[in-house]
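Q: 3D, please:
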Amino acid sequence: MISLDLELHWGVRDKCCPDGPYRDNLLGARQGYSLILDLFEEFNVAASWAAVGFLSRNRDAIREDFSPAVRPQYAEYAP
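A: Coordinates of the predicted model:
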């Protein structure tokens, strides 16, 4: 069994800026996922996937449906 996490920039946001040298890796990730799926199918590999919900196309609906009514107020923002 293989377990993969799909985080894109969410997984490295504390280490890399989205327009920095790691950008090409982030932009190519979705193509890589398709290639991985093709290989898994070809070789009959079982895998589980976890994905950050905000990576989906309906992220605005997710944000609205699951955001807390009262949001925390932070004194400082640390990207």
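Q: Low-confidence ranges, the chain, go.
A: Along the chain, segments meeting pLDDT under 70 span 53-56, 77-79.
Q: Which parts of it are helices?
A: 23-42, 59-66 (DSSP state H).
Q: centre of the chain versus stretch 49-66, how much separation?
A: Mean C-alpha position of stretch 49-66 versus that of the full chain (C-alpha atoms, centre = their mean, to the nearest Å) differs by 10 Å.
Q: what's the span of that stretch, first residue to last?
A: End-to-end distance for stretch 49-66, by C-alpha to C-alpha, to the nearest Å: 21 Å.
Q: Can you tell me what sits against it?
A: Applying C-beta atoms under 8 Å, 6 or more residues apart in numbering, the contact partners of stretch 49-66 are S3, L4, D5, L6, E7, L8, W10, G11. C-beta coordinates here come from the backbone N, C-alpha and C atoms, glycine included.
Q: Can you select the buried ones among those for me in PyMOL?
A: Those of the contacts of stretch 49-66 that count as buried under 16 or more other C-beta atoms under 10 Å are selected in PyMOL with:
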select buried, resi 7+8
